[in-house]
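Novice: just coords:
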């Protein structure tokens, strides 16, 4: 990435999301071991690490798809470790997925509207007749999605297009829009710029910053693009073999010897330090 974004100073506060000593096992294999960190309200926190470090397993545990063998997930002071995923969504914990999970035969607008489903109060009878509360909720939902979310993410021109007809970068943006329709307090983004070109990556980085700065949404993301991670993040958590090996401000993480060792398979130490600073390698600059 060529753009550099200003840092965001987070005042000390109680974490909105706290991960406490999470351990996750699959048979005899430990995917996570004693993972713990806090996410401050109004921050952008990134989870990084080599392939197979346990990043997506961590996300799946926080969002409720996996149940840990030990440890807790605490959201706004409440233990949600055994709370089902739909209830976590209603509480304000929304996520996107590493592999796009949209309904490809539906339009962009309809996919985004589905994100609000957890908050709708309409019962089956109202929905069937489409009167009263059902009609009012549908009108309010459509107005919020079209005037706020679609406009914010600059996808007005494709709102009636089927998702299957869209290029990959726009599909990722639609998935983010659906997560925003869930009215999150914490937005979890699993590799939001994976597979994107430079222009698409910079657009997505701008949207992530604006979600935090303009909407006040806390962001927790897993991402391999070190340039974006180091430019955007207030706090970085590094996983390796299912354990936290370092965490802190981006500058601290870049200089941590354990982090350098964890990435040693990717190149020499000089290249690794450049990569962790988000700089292009000599071979990439050519």
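Specialist: Good, I have the coordinates. Bear in mind that the values here come from a model prediction, so they are computed numbers and not experimental data.
Novice: can you pull out the strands in the stretch 51-200 of the chain?
Specialist: 70-75, 78-79, 93-95, 186-190 (DSSP state E, counting those that start in this stretch).
Novice: that's a helix at residue 41, yeah?
Specialist: No. The assignment for residue 41, made by DSSP: H, G, I helix; E, B strand; the rest coil, is coil rather than a helix.
Novice: list the residues that contact it.
Specialist: By C-beta atoms under 8 Å, 6 or more residues apart in numbering, the contact set of residue 41 is 13, 15-16, 218. The way it works is simple: take the backbone N, C-alpha and C, and place the C-beta from them, glycine included.
Novice: also residue 79?
Specialist: Contacts of residue 79 by C-beta under 8 Å, 6+ apart are 72-73.
Novice: for residue 91, see how far away it is.
Specialist: Note on residue 79: its distance to residue 91, by C-beta to C-beta, to the nearest Å, is 12 Å.
Novice: burial of residue 195, as a residue count?
Specialist: Taking other C-beta atoms under 10 Å as the criterion, the count of residues near residue 195 is 11.
Novice: where in this protein is pLDDT low?
Specialist: Applying pLDDT under 70 to the chain picks out residues 1-12, 98-101, 117-144, 264-286.
Novice: for it, longest helix please?
Specialist: When the chain is parsed with DSSP state H, its longest helix is helix 198-215.
Novice: chain center to that helix, what's the gap?
Specialist: Distance of helix 198-215 from its chain centroid, counting by C-alpha atoms, centre = their mean, to the nearest Å, is 12 Å.
Novice: and the angle for the next helix or strand after it with strand 186-190?
Specialist: On the C-terminal side of helix 198-215, the nearest following helix or strand under DSSP states H and E is strand 218-222. Computed with axes from the mean of the first three to the mean of the last three C-alpha atoms, to 10 degrees, the direction of strand 218-222 lies at 20 degrees from that of strand 186-190.
Novice: what pairs with strand 218-222, and is each one parallel or antiparallel?
Specialist: If you go by DSSP bridges, strand 218-222 pairs up with strand 44-48 (parallel), strand 186-190 (parallel).
Novice: single out the most deeply packed of those strands.
Specialist: Of the strands paired with strand 218-222, the one with the most neighbours on average (mean count of other C-beta atoms under 10 Å) is strand 44-48, at a mean of 26.
Novice: stretch 240-253: end-to-end distance?
Specialist: 13 Å (C-alpha to C-alpha, to the nearest Å).
Novice: and for stretch 177-196?
Specialist: 17 Å.
Novice: how far does it sit from the chain's center?
Specialist: 5 Å.
Novice: buried sites along stretch 109-119?
Specialist: By neighbour count with 16 or more other C-beta atoms under 10 Å, stretch 109-119 contains the buried residues 109-113, 115-116, 118.
Novice: again with stretch 205-218
Specialist: Across stretch 205-218, burial judged by 16+ other C-beta under 10 Å covers 205, 207-209, 211-212, 217-218.
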